[in-house]
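Asker: Give me a model of this one.
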Amino acid sequence: MTTLLVSQTNGDKHVTPKGHAERPERLEAIANVLAQPRFDRLQREDAPAGDLALAELVHAPSVLNTIRRMRPAEGIGQIDADTFVSGKSLEAAGTALGGGLRALEAVVLGEADNAFVAARPPGHHAERDRSMGFCLINTIAILARQAQRLHGAERVAIVDFDVHHGNGTQDIFKADPTVFYASSHQWPLYPGTGHPDETGVGNIVNCPLPEGSGGAAMREVYRDRILPALDAFRPDIILVSAGFDAERRDPLAQLEWVADDYAWLTGKLLDIAGKRCSNRMVSMLEGGYDLAGLASGVAAHVGVLLTGEAGREHEED
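Answerer: Okay, here's the model as predicted:
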């Protein structure tokens, strides 16, 4: 397999308050673990700037207008209880988008089989009409629309294994049968959405998991529900909202996953990508707030993207 790693050089420009879980050190932890020799075969690029006007493919104009209005000349502005914006936050959001779009282009054009984008801020909580939950714009949703607009993808699948339900992605696509959205997430937990009864127009699959349920419960819902539904959808490309906050050390949740759970899940998604869409898969960082747990999860995920092999031993440090 050929895997493109797209990294963000200005991720530290999005500044959050001291002690906030979504902080620039997350990208440093990822860069350090992916600098190990076992990742030498990664193709590596820096994320270019993206056109933030593309946000209006999935958001109301008020979303960017609110971010700009709340953005301070100095210091940090607050959009809601959890979501902050600093003077350079839109620049960081722009390269997160640009990195995602570059990864999408590389995979669609066959320059790489798959890609992982290490960028912040995350995006999957941003709804059509508002930023929320650490997220300014919904990057993965914009990628889905661009895959359809520019790259001829008729059916786009988004699989979200962040520990928090991607309410924003669901909100944007809940009435669109051309986009499939599946989420595994801890329940009950922020943001309170993601009940199994939330099925959109038959294109939404939500699999809530109880606190402390671990990797066995995750594997069961993927085997029984998410993977069969994803396969039946016959996607032209698979996009992944890759959150690593289900990892056992994460301070914001309690699903107790370990590195091999991420490896197993990545392998299963690659199996369907190989069967249905010529391996085309783009994964974008969402959550993951314990730095060691984040590094462990990313290493397991990217290791399988790179080798195509799941089930091997993975370090948990």
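Asker: All the helices of the chain, in order from the start?
Answerer: Using DSSP state H, the helices of the chain run over 25-33, 61-70, 89-108, 139-151, 167-173, 214-221, 227-233, 259-276, 291-307.
Asker: so which of the ones you listed is the most packed in?
Answerer: helix 167-173 (a mean of 26; mean count of other Cβ atoms under 10 Å). C-beta coordinates here come from the backbone N, C-alpha and C atoms, glycine included.
Asker: list the helices and strands that helix packs on?
Answerer: Other helices and strands packing on helix 167-173, by 3 or more Cβ pairs under 8 Å, 6 or more residues apart in numbering; DSSP states H and E, are helix 139-151, strand 156-160, strand 179-186, strand 204-209.
Asker: how does it look with 10 Å?
Answerer: Packed against helix 167-173 by the contact rule (3 or more Cβ pairs under 10 Å, 6 or more residues apart in numbering; DSSP states H and E) you find helix 139-151, strand 156-160, strand 179-186, strand 204-209, strand 237-242.
Asker: buried set for the shortest one?
Answerer: Counting neighbours by 16 or more other Cβ atoms under 10 Å, one finds that the buried residues in strand 156-160 are 156-160.
Asker: Okay, angle between that strand and helix 259-276 too, please.
Answerer: 170 degrees (axes from the mean of the first three to the mean of the last three Cα atoms, to 10 degrees).
Asker: Alpha carbons of stretch 291-311, as PDB, please.
Answerer: Extracted C-alpha coordinates of stretch 291-311, given in PDB (Å, rounded to 0.1, in the frame of the first residue of the first chain):
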ATOM      1  CA  LEU A 291      -1.100  12.600  24.100                       C
ATOM      2  CA  ALA A 292       0.300   9.100  24.700                       C
ATOM      3  CA  GLY A 293      -3.100   7.600  23.800                       C
ATOM      4  CA  LEU A 294      -3.400   9.700  20.700                       C
ATOM      5  CA  ALA A 295       0.100   8.700  19.500                       C
ATOM      6  CA  SER A 296      -0.600   5.000  20.200                       C
ATOM      7  CA  GLY A 297      -3.900   5.100  18.300                       C
ATOM      8  CA  VAL A 298      -2.500   7.100  15.300                       C
ATOM      9  CA  ALA A 299       0.500   4.700  15.100                       C
ATOM     10  CA  ALA A 300      -1.800   1.700  14.900                       C
ATOM     11  CA  HIS A 301      -4.100   3.300  12.400                       C
ATOM     12  CA  VAL A 302      -1.400   4.700  10.100                       C
ATOM     13  CA  GLY A 303       0.600   1.500  10.400                       C
ATOM     14  CA  VAL A 304      -2.300  -0.500   8.900                       C
ATOM     15  CA  LEU A 305      -2.900   2.100   6.300                       C
ATOM     16  CA  LEU A 306       0.700   1.700   5.200                       C
ATOM     17  CA  THR A 307       1.000  -2.000   5.300                       C
ATOM     18  CA  GLY A 308      -2.600  -3.200   4.700                       C
ATOM     19  CA  GLU A 309      -2.000  -5.700   7.500                       C
ATOM     20  CA  ALA A 310      -4.100  -5.700  10.700                       C
ATOM     21  CA  GLY A 311      -3.800  -8.000  13.700                       C
END
